[in-house]
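A.B. asks: sequence-free structure coming up:
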């Protein structure tokens, strides 16, 4: 970078900070009202009281109605609901039985609690368990998984990127495993859930089990207890009852600002897994967006903002994919996806390989003196992905408990009592300022170059896992 270029970059950054400060002053009444607003908590209460908001379910349909009402209360214009078709997965029972020889050589069988993972097919498999540790490709390669049931942790080693469940499952099955057991790394008898694929039935049965159950399974697995003196490896029987049938989800859309050709998208998913209230994932996110919408409705925006609550994120980003396919993406200036914001104290902005998007977060953080941690690394596992892979710059807004992994998310414990709605309200204020800066006429957001984006994913060591999960775009080869 030349001295002149560096000076210009510093000048642009300073101008952006000034813009954010001026906008915050203009929006002071709306921001101040948000500080004491009780509607975010009331909305979150109504949402979590539904129970299951699984994609394609009656609960998800009811949640869409609550979101539409919230958007109207916020003052958004042209609030509407757009349905789309999806393969709706419905959970049945699951069982995991372990048979091992006792001291006298007699077989003894024990049953463990297990939860089928979404898009697991119905069926049964039997075989030895094999401990693949964290479930990274390198660990799976170290074990002979052929014909066995792979047992993998929900977390990944520190010092590297977080390896997603879909990558672990896909790589294990591609390597010859006949089934998959996903073991929570947190205490509390909490079997985890989470989709195996993006919107289609998976190739093998899979379940989630608690950390406590996982300790037993690993003791009798190949690569586990058998290497520390255990006399025998267990035989496991894994069975799942589930169905996948045609269903319907829906996106809820409202607008703020002028009716311009160019638009900014503000997204959050409102669906949740069927085993809990979905308060953290993503009740907080959609409550944050509905609250930010009320601030944006009062803003003098040069570019229109479409606020979208997307359905069916948890089973494959299906609502966001439907949205991306129907929009003219040449008109979309940028995307702000709220998935994880509002849960914990400090905001995290994932810039997904866009330095321009990262600079928006930097400007808002500096102008408001609010910490926003910025991470440039991309990933394909939230609703920005259908847009990012098509070159649209995006921010994903998250928050961090300080622990590695999902925490209470995707378990029975994802309940409203875990929420501090001060985080929802504060993050809503910051997000409104972030979106307004995205919409600024002075803000340039260059498109993402396909080759550079593919290189960024390769540099982050995503290619192997994304190919195993069938997520690597064909036009990146």
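C.D. replies: Structure's in. What do you need? These figures come from a predicted structure and were not determined experimentally.

A.B. asks: any low-confidence regions in the stretch 1-150 of the chain?
C.D. replies: 1-8 (pLDDT under 70).

A.B. asks: how about the helices of the stretch 151-300 of the chain, start to end?
C.D. replies: Using DSSP state H, counting those that start in this stretch, the helices of the stretch 151-300 of the chain run over 165-174, 211-219, 284-296.

A.B. asks: which of the ones you listed sits most buried?
C.D. replies: Most buried of the helices of the stretch 151-300 of the chain, by mean neighbour count (mean count of other CB atoms under 10 Å): helix 284-296, with a mean of 30. Every residue, glycine included, has its C-beta placed from N, CA and C.

A.B. asks: Pull the distance from it to the chain's centre.
C.D. replies: Distance of helix 284-296 from the chain centroid (CA atoms, centre = their mean, to the nearest Å) equals 18 Å.

A.B. asks: Which elements pack onto the helix or strand hosting residue 91?
C.D. replies: Assigned by DSSP states H and E, residue 91 falls within strand 77-101. In terms of contacts (3 or more CB pairs under 8 Å, 6 or more residues apart in numbering; DSSP states H and E), strand 77-101 is packed against helix 58-74, strand 107-112, strand 115-116, strand 205-209, helix 211-219, strand 235-256, helix 318-326.

A.B. asks: Run me through the strand neighbours of that strand, direction for each.
C.D. replies: strand 107-112 (antiparallel), strand 235-256 (antiparallel) (DSSP bridges).

A.B. asks: looking at these, which one has the lowest mean pLDDT?
C.D. replies: Lowest mean pLDDT within the strands paired with strand 77-101: strand 107-112, a mean of 92.

A.B. asks: Go through stretch 262-275 and flag the buried ones.
C.D. replies: 263-275 (16 or more other CB atoms under 10 Å).

A.B. asks: for it, how far is the first residue from the last?
C.D. replies: 40 Å (CA to CA, to the nearest Å).

A.B. asks: for it, the distance to its chain's centre please.
C.D. replies: 10 Å.

A.B. asks: I'd like the mean pLDDT over it, please.
C.D. replies: 98.

A.B. asks: With stretch 186-206 instead?
C.D. replies: Rounded mean pLDDT across stretch 186-206 is 97.

A.B. asks: Can you give the contact residues for stretch 288-300?
C.D. replies: Contact partners of stretch 288-300, identified using CB atoms under 8 Å, 6 or more residues apart in numbering, comprise 23, 26-27, 29-31, 34, 37, 39-40, 43, 67, 70-71, 73-76, 254, 256-257, 266-268, 305, 307, 309, 338, 341-342, 424-425, 427-429, 431-432, 435-436.

A.B. asks: Can you verify residue 411 is assigned to a helix?
C.D. replies: No - when classified by DSSP: H, G, I helix; E, B strand; the rest coil, residue 411 is found to be coil rather than part of a helix.

A.B. asks: Give the burial count for the residue lying closest to it once chain neighbours are set aside, as a bare number.
C.D. replies: Spatially, and ignoring its direct neighbours in sequence, residue 411 is nearest to residue 190 (4.1 Å; CB to CB, 6 or more residues apart in numbering). For residue 190, the neighbour count with other CB atoms under 10 Å is 22.

A.B. asks: Confirm for me that residue 190 is in contact with residue 182.
C.D. replies: No - the criterion here is CB atoms under 8 Å, and residue 190 misses it with residue 182 at 11.8 Å.

A.B. asks: Let me know how buried residue 331 is, in neighbour terms.
C.D. replies: Counted by other CB under 10 Å, the residues lying close to residue 331 total 11.

A.B. asks: I'd guessed it sits against residue 264; true?
C.D. replies: No - using CB under 8 Å, residue 331 is not in contact with residue 264; the gap is 10.2 Å.
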